[in-house]
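*Asks:* quick check, what structure comes out for this input:
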Amino acid sequence: MARLTRAQREWRPGMPRRRRSIRVQFASIVLLTEAFVAFFATLAVFGLHASQYGAGLVLGAGFGLVAVLILACAVVKRAWGMALGWVLQLALIALGFVEPMMFFVGALMALAWWYAIRTGARLDRENLQRDREQAEWERTHPEEGGAAASGGEAQTQ
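*Replies:* Residues are numbered from 1 along each chain as shown. Prediction:
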């Protein structure tokens, strides 16, 4: 039998499911997209500049950056993970010193990162406020149903 996670072991029927952070989800999506960008940039630099920098160095550094971008998805929920994400944005822009087009591509990806972080944080705040209002309503109107009477499912008319 597969090993259960802590959340799975502690779950009981009727427990509300903990909401995942939209900011973390958006940040992970951007980092994963950047991993693809870094992979193809590595191939481009290998094809254009392998004789100048050395094939091993280009492939090693490029695939190393791809691995760090993918692994950063796992730690982006921590405060230092977000800081790592910003450092990786600078690293992607700095690739422009090797291949000048990466200044433009890196700046676009940094813009996408900034927008994902900003929008995700706003949506998380809105969800938190909505959850507070829902809990307050359910506390003051127990006779009208809410999540407890309907089994946690939304009722439609």
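
*Asks:* tell me which residues touch residue 68, please.
*Replies:* residue 88 (C-beta atoms under 8 Å, 6 or more residues apart in numbering). C-beta: built from backbone N, CA, C; applies to glycine.

*Asks:* just want the most central residue of this protein.
*Replies:* By C-alpha atoms, centre = their mean, the chain has its centre lying nearest to residue 28, at 2.0 Å.

*Asks:* tell me which element that residue falls in.
*Replies:* Counting by DSSP states H and E, the element that carries residue 28 is helix 22-53.

*Asks:* mind giving me the packing neighbours of that helix?
*Replies:* helix 55-75, helix 79-94, helix 101-140 (3 or more C-beta pairs under 8 Å, 6 or more residues apart in numbering; DSSP states H and E).

*Asks:* is it true that residue 124 touches residue 23?
*Replies:* Yes: using C-beta atoms under 8 Å, residue 124 is in contact with residue 23, at 5.4 Å.

*Asks:* those two - which one has more neighbours?
*Replies:* Shown here are residue 124 and residue 23; by other C-beta atoms under 10 Å, residue 23 has more neighbours (21 against 18).

*Asks:* give the contact list for that one.
*Replies:* Contact partners of residue 23, counting by C-beta under 8 Å, 6+ apart, are 116-117, 120-121, 123-124.

*Asks:* with residue 30 instead?
*Replies:* Neighbours of residue 30 in contact, by C-beta under 8 Å, 6+ apart: 109, 112-113, 116.

*Asks:* out of those residues, the closest to residue 65 would be?
*Replies:* residue 109 (12.3 Å; C-beta to C-beta).

*Asks:* check contacts around that closest one.
*Replies:* By C-beta under 8 Å, 6+ apart, the neighbours of residue 109 are 30, 33-34, 37, 89, 92.

*Asks:* mark which of these are buried, thanks.
*Replies:* Among these, those classed as buried by 16 or more other C-beta atoms under 10 Å are 30, 34, 37, 89, 92.

*Asks:* would you turn those residues into a markdown table with distance to residue 54 and pLDDT?
*Replies:* Below are the buried ones among the contacts of residue 109 laid out as a markdown table (distance: C-beta to C-beta, whole Å; pLDDT from 0 to 100):
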| residue | distance to residue 54 | pLDDT |
| --- | --- | --- |
| 30 | 30 | 97 |
| 34 | 24 | 97 |
| 37 | 22 | 96 |
| 89 | 26 | 96 |
| 92 | 21 | 95 |
